[in-house]
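A.B. asks: When you get a sec, could you give me coordinates for this:
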Amino acid sequence: MPQTNDNGVVTRRKALATVAVGAASYRRILGANDRIGVGFIGFGLIGKQHVSDFKKLRRDVDLVAMCEVYRPRLEEGLAYMENPQAKIYRDFRKMYEDKDVQAVVVATPDHWHALLTIMACAAGKDVYVEKPMTLFIDEGKWMIEAARRYGRVVVVGTQRRHGRAVAEARAIVASGLLGKISLVRRAEARNIYPGFGKTPLERPPADLDYDLWLGPAPARPYQAHRALYHFRWFWDYSGGQMTNLAAHGIDQMHWIMNVKMPLRVHSSGGRFALEDDGETPDMQEALFEYPGFVLSYAIREINAYRGDTATRGLVLHGTKGTLLLGGSCEVLAEERGDPVNSIPRFLGHPVGGPQPSPTKPEPWIKAPPALKPPEDEDTMLLNKQDWIRCIRSRQRPLCEVEDGHYVSVACHLANISLRLGRSVRWDPDKQEIVGDREAAAMCRRPYRAPWDRVLAGLVKV
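C.D. replies: Modelled structure (predicted):
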C-alpha cells in the first residue's frame, strides 16, 4: 500500500516504490503454493456471484480476504468464502497491505471502481473490476495509466465477448458474408413501474461506514436508496442502465465489429413514469455513429414489450444478411431481386416509368446453421479463468482495461448527450469531446477530499 505523508497525501516517490514486479518475480512470490491469493472488495449481488465463481477455481486461487463497509455483509461474505483462514477488513487500504492478497476483485458501487483499481495497481495487485468500469470518462484514462505504470493485469467484467456464439458472430462479420453492415440494434426492456418507492433522509445504520461508502463521491445525507443496491439510480454513483446493461451489449458489439469508440452520439429520454427517488432515465434511446455504421440502443424500465427482436440480443443488419446474437448466433439471408420490383405498383406507371420484371427473388447468401453454445458455457467464469491465466503469463486478457474504457466512453457520451439535450462529437485520437466546452467539462468530476489527493499521488490528473 502506498505510504502517505502527515496530510494523508500519497507521494509519487513512495507510490513508485510499490511498482509491480515482473512475471518471474511474481512466480517467486507465489512460491511453492502456486495458487493466487484473491481478496474481494464488496459483497453485494455481483460480489457474492464472484465469490461463488472463484470457489470453483480453487485449484488456481485461494480466497484469502473479504472487505466490506457494511458489517452484516462482511460477516456473511466471510462465511460464504468457506476459508477459516480468510481475513476480513472494513477498510480496503488495510487489505492492500496484506501480502497474501496478490489480486483483488472490485465489486463495489460504480463510483469506487476507478480509484480502487488505481490504488490496487499501485499496491502491486492485479485487478478484476466490475463494469461499468468508470463513473466518468477521464477515470478510464487514469486506470489505463495506472495499469501500465505499475505493470498490472486489469480485467473488466464485460464478459459477454467470451463464448462460442460471439466468436462465430465475429468471424461471420469479418468474412463479409452479411455484406455491408450499416445498422446494429439492441434493446434492454423490463417493466418495474411504479418503481422502488421513496426513502426518507435519516441517520446511516450504525453497522454501515457511510463515509467510506461515499468515498470520492460528494457528501450527501443518507437515504436507504443511496446505498445498498439502489445506488445505481443516482448520478453521484452511477450512470443508470446505460452504463449498467448497455455496457455489455456495446462492448460485445465493439468486439464483433472490430471498433473502439463512436464519433458522435445523440441520446434522448428521461425519467418519465417511475414514482420513486431515482434520478437516472427510465427510458432512453441512443444513436451511436461509428465509422460506416450506426448503433441504436434502447433502454426501457417502464415497458417490457418483447416483440422487438433487439430485446433478444444484438441485431446486425447487412445488405445480404441479418445476424441475431442472443443466446445463439443465427443468420437470416436477405433476398436478392430486381430493385424495380420493390417499387409500389398501384395502377402501374404511365409511359416512361419503370416497369416490373419477371425476376424472382432469391437469397443473397446461404445462411450457416445457427450456433447454440453449450448449456454449461459460463462467460463470467471464462472471464475469470482468462484473468488467472494472464496473471501467470502477464499477457493481455480479452476484456482488458482499455476495452473497458472504450465501452465506458460510449455509455458516458450517451448520458452526457441526454443530460444536455444535444448530440456530442468525440475525437477518438485525442480522446476528447470536440466543439462543446460544456459537454467536455462533464468528462471529469472532482473527487471528495482526501481522495482527490490520493488520486493525484498515483496518476497524472
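
A.B. asks: switch to C-alpha atoms for all contacts and neighbour counts from now on
C.D. replies: Will do.

A.B. asks: contacts for stretch 135-146?
C.D. replies: 110-111, 114, 117-118, 121-122, 133-134, 237-239, 401-402, 404-405, 408-409, 412, 442-445, 458-461 (Cα atoms under 8 Å, 6 or more residues apart in numbering).

A.B. asks: Identify the residue nearest residue 407 in space, chain neighbours excluded?
C.D. replies: Excluding the flanking residues, the one nearest residue 407 by Cα to Cα, 6 or more residues apart in numbering is residue 251, at 5.4 Å.

A.B. asks: helix or strand for the one you found, which one?
C.D. replies: Assessed by DSSP states H and E, residue 251 sits inside helix 246-257.

A.B. asks: Next: residue 195.
C.D. replies: Applying DSSP H and E, one finds residue 195 in no helix or strand.

A.B. asks: Could you measure from the nearest residue to it once chain neighbours are set aside over to residue 337?
C.D. replies: Spatially, and ignoring its direct neighbours in sequence, residue 195 is nearest to residue 274 (5.1 Å; Cα to Cα, 6+ apart). To residue 337, residue 274 is 48 Å away according to Cα to Cα, to the nearest Å.

A.B. asks: So for these two, which residue has more residues nearby?
C.D. replies: Shown here are residue 274 and residue 337; by other Cα atoms under 10 Å, residue 274 has more neighbours (20 against 16).

A.B. asks: you'd agree the more buried one is in a strand?
C.D. replies: No - assigned with DSSP: H, G, I helix; E, B strand; the rest coil, residue 274 falls outside any strand and is coil.

A.B. asks: Would you mark the buried spots in whatever helix or strand residue 116 lives in?
C.D. replies: Using DSSP H and E, residue 116 falls within helix 113-122. Burial within helix 113-122, assessed by neighbour count using 16 or more other Cα atoms under 10 Å, is assigned to 113, 114, 115, 116, 117, 118, 119, 120, 121, 122.

A.B. asks: Angles on the backbone of residue 111, please.
C.D. replies: The phi/psi pair for residue 111 (degrees, to the nearest 10) reads phi -70, psi -10.

A.B. asks: Helix, strand, or coil at the nearest residue to it once chain neighbours are set aside?
C.D. replies: Nearest residue to residue 111 in three dimensions, chain neighbours excluded: residue 237, at 4.8 Å (Cα to Cα, 6+ apart). Following three-state DSSP, residue 237 is assigned to coil.

A.B. asks: now do residue 404
C.D. replies: Classification of residue 404 by three-state DSSP places it in helix.

A.B. asks: surely it meets residue 158?
C.D. replies: Yes - using Cα atoms under 8 Å, residue 404 is in contact with residue 158, at 7.3 Å.

A.B. asks: Residue 431 and residue 138: what is the separation?
C.D. replies: 9 Å.

A.B. asks: Comparing the two, which residue is more hemmed in?
C.D. replies: More crowded of residue 431 and residue 138, by other Cα under 10 Å: residue 138, with 19 against 14.

A.B. asks: Helix or strand for the more buried one, just tell me which one.
C.D. replies: Assigned by DSSP H and E, residue 138 falls in helix 137-149.

A.B. asks: same deal with residue 66?
C.D. replies: Here residue 66 is assigned to strand 61-67, by DSSP H and E.

A.B. asks: then that strand to CSV, C-alphas only?
C.D. replies: These are the backbone C-alpha positions of strand 61-67, laid out as CSV (Å, rounded to 0.1, in the frame of the first residue of the first chain):
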residue,chain,number,x,y,z
VAL,A,61,-6.7,-19.4,-6.3
ASP,A,62,-7.0,-19.1,-2.6
LEU,A,63,-9.9,-16.9,-1.3
VAL,A,64,-7.9,-15.1,1.4
ALA,A,65,-9.7,-11.8,2.2
MET,A,66,-13.0,-10.0,2.3
CYS,A,67,-13.6,-6.3,2.6
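
A.B. asks: tell me the residue furthest from the middle of the chain?
C.D. replies: Distance from the C-alpha centroid of the chain peaks at residue 351, with 58.8 Å (Cα atoms, centre = their mean).

A.B. asks: can you pull out the helices in the stretch 51-200 of the chain?
C.D. replies: For the stretch 51-200 of the chain, the helices defined by DSSP state H, counting those that start in this stretch occupy 71-81, 92-96, 113-122, 137-149, 164-175.

A.B. asks: List the buried residues of the first one.
C.D. replies: To tie it back to what came earlier, the one meant is helix 71-81. 71, 73, 74, 77, 78, 81.
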